[in-house]
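Engineer: Using only what follows, build the 3D model:
(one chain, ligands or ions: 1)
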Amino acid sequence: MPQHHTLTCARCGRAFAATRADARTCSTACRVAMSAKRRNDAIDALIAELAPLSQALTVATQRGDAAGVLDAASALRERLSLDDAPRLLDSTLHGLLIAAASGVVANHSE
Ligand SMILES: [Zn+2]
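Structural biologist: Predicted coordinates for the structure are as follows:
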């Protein structure tokens, strides 16, 4: 006879019976909602990382600071190249951002 654990759902806070001691949610709906929230949080964190890089690129461009533009575009491209970026961003948007950053790097590397 399987042992049941009485656990508290990490999503809705309801008590539920689980056969696995490490279950975290009471239902498929709560599991899906938790996973969507985790993804949204990860997207927010990525955008928070990208924003200052994009801002630095804008400022360097406005100043006509070619070295600053190259640094900022390179940093932006590198961050976008990490594994989580294509996973979290819409693929079209990610492709456009990489292409734009790479174009700026190419223009300023000559
Ligand atoms: Zn729940």
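Engineer: Angles on the backbone of residue 12, please.
Structural biologist: Note on residue 12: backbone dihedrals following degrees, to the nearest 10 are phi -110, psi -10.
Engineer: is it true that it touches residue 26?
Structural biologist: Yes: with contact defined as CB atoms under 8 Å, residue 12 reaches residue 26; the gap is 6.4 Å. No exception for glycine: its C-beta is placed from N, CA and C like everyone else's.
Engineer: Residue 48 and residue 94: what is the separation?
Structural biologist: Note on residue 48: its distance to residue 94, by CB to CB, to the nearest Å, is 17 Å.
Engineer: hmm, back to that, of residue 12 and residue 26, which one has the most company?
Structural biologist: Taking other CB atoms under 10 Å, residue 12 and residue 26 do not tie; residue 26 has more neighbours (20 against 14).
Engineer: Please identify the buried residues of the helix ranked longest in the chain?
Structural biologist: Longest helix of the chain, by residue count under DSSP state H: helix 28-63. Under the neighbour-count criterion of 16 or more other CB atoms under 10 Å, helix 28-63 has 30, 31, 34, 46, 50, 53, 54, 56, 57, 60 buried.
Engineer: what sits against the third one?
Structural biologist: What that stands for is residue 34. Residues near residue 34 by CB atoms under 8 Å, 6 or more residues apart in numbering: 10, 11, 24, 25.
Engineer: which residues does the second one contact?
Structural biologist: To tie it back to what came earlier, the one meant is residue 11. Contacts of residue 11 (CB under 8 Å, 6+ apart): 25, 26, 30, 31, 33, 34.
Engineer: Just list whatever residues bridge to the closest residue to residue 7 other than its chain neighbours.
Structural biologist: Among residues not flanking residue 7 along the chain, residue 18 sits closest, at 5.2 Å (CB to CB, 6 or more residues apart in numbering). Listed by DSSP bridges, the beta-bridge partners for residue 18 are residue 5.
Engineer: any idea how far the closest residue in space to residue 8 that isn't next to it in sequence is from residue 87?
Structural biologist: Spatially, and ignoring its direct neighbours in sequence, residue 8 is nearest to residue 15 (5.7 Å; CB to CB, 6+ apart). Distance from residue 15 to residue 87, counting by CB to CB: 34 Å.
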